[in-house]
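Asks: fold the following.
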Amino acid sequence: MQANLWMPDLIRTELAGASGIDDEKDAKKAGKRFEWKLLFGDHHESHAASAFHPSPFEEAAILTIDGVGEWATSSIGFGRGNEIALLKELRFPDSLGLLYSAFTYYTGFKVNSGEYKVMGLAPYGEPKYVSLTNPLYWEIINAFRRKTGCPLVVNTSFNVRGEPIVCSPEDSYRCFMRTEMDFLVLETCVLDKRDQPAFVESTDWRADFRLD
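Replies: Prediction:
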């Protein structure tokens, strides 16, 4: 699969045909005379490159999510300069993209074709089924609406400026206690800062990270 053995011949033949050679056999012969090499990037590496290289950033974290490409369905990595390194990947059959495809099929569109339509139509819909597909989220949003009159929770990165985004309950609690946040929700637990013991650290973390 990595070698894509049949692809070089096909691409060479198609390029020869595009140059004006109509006969397929002649196009194959002409294609084999091409001296340049064909290089193939992995599916998610290609997604990462298409996002990072045109961006204005010299360095960035990269997350790719798709149905499936080769065996990977999601990957994380980083880009720096003109290089990209993918560090970890989630593999088939575990796939957030395929879950999206399932909803694409459920709404009447063609899988691996109509996902962009579902994405474009989503802002115009009403959350009729969210109570069935994600009841815990539905309860949180409804509770927030009853308290504030606004059925919206804005999600932003959980960190202080310059610090990596939290990736564990310990990181979350540490960031919570270091900052001016009042409450922290972990799974089904709600922590009120007023109920927490004093948070003592041996060093001043503000020397490393600027506050938001």
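Asks: which one's the longest strand in this structure?
Replies: Of all segments of type strand in the chain, defined using DSSP state E, the longest is strand 59-69.
Asks: what residues sit buried inside that strand?
Replies: Buried residues in strand 59-69, counted by 16 or more other CB atoms under 10 Å: 62, 64, 66-69. (C-beta placed from N, C-alpha, C; glycine too.)
Asks: from the residues you listed, which single one is nearest E170?
Replies: If you rank these by distance to E170 using CB to CB, I62 comes first, at 24.8 Å.
Asks: distance of that closest one relative to T73?
Replies: 15 Å (CB to CB, to the nearest Å).
Asks: run the chain-centre distance for the biggest helix by length in the chain.
Replies: Longest helix in the chain, counting residues (DSSP state H): helix 135-148. Relative to the chain's own centre, helix 135-148 is displaced by 26 Å; criterion: CA atoms, centre = their mean, to the nearest Å.
Asks: check stretch 168-184 too.
Replies: For stretch 168-184 - counting by CA atoms, centre = their mean - the centre lies 24 Å from the chain centre.
Asks: re earlier: neighbouring contacts of the longest strand of the chain?
Replies: With contact meaning CB atoms under 8 Å, 6 or more residues apart in numbering, strand 59-69 is reached by 42-44, 47-48, 51-52, 72-81, 84, 86, 92, 95-98, 100-101, 112.
Asks: let's see it at 6 Å
Replies: Strand 59-69 has contacts (CB atoms under 6 Å, 6 or more residues apart in numbering) with 43-44, 47-48, 52, 74-80, 92, 95-98, 101.
Asks: dump stretch 63-83 to PDB, restricted to CA.
Replies: Taking Å, rounded to 0.1, in the frame of the first residue of the first chain, the C-alpha atoms of stretch 63-83 are listed here in PDB:
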ATOM      1  CA  LEU A  63      -4.400  18.000  14.000                       C
ATOM      2  CA  THR A  64      -5.900  16.100  11.100                       C
ATOM      3  CA  ILE A  65      -9.300  14.300  11.200                       C
ATOM      4  CA  ASP A  66     -10.800  12.400   8.300                       C
ATOM      5  CA  GLY A  67     -12.800   9.300   7.500                       C
ATOM      6  CA  VAL A  68      -9.800   7.100   6.800                       C
ATOM      7  CA  GLY A  69      -6.600   7.400   4.800                       C
ATOM      8  CA  GLU A  70      -4.400   4.300   4.400                       C
ATOM      9  CA  TRP A  71      -5.200   3.100   7.900                       C
ATOM     10  CA  ALA A  72      -5.100   6.400   9.900                       C
ATOM     11  CA  THR A  73      -8.300   8.300  10.700                       C
ATOM     12  CA  SER A  74      -6.800  11.100  12.800                       C
ATOM     13  CA  SER A  75      -3.300  12.300  13.500                       C
ATOM     14  CA  ILE A  76      -1.400  14.800  15.600                       C
ATOM     15  CA  GLY A  77       2.000  16.400  14.900                       C
ATOM     16  CA  PHE A  78       3.700  19.700  14.300                       C
ATOM     17  CA  GLY A  79       5.100  21.800  11.500                       C
ATOM     18  CA  ARG A  80       8.300  23.800  11.700                       C
ATOM     19  CA  GLY A  81       9.800  25.700   8.900                       C
ATOM     20  CA  ASN A  82       9.400  23.500   5.800                       C
ATOM     21  CA  GLU A  83       9.100  20.300   7.700                       C
END
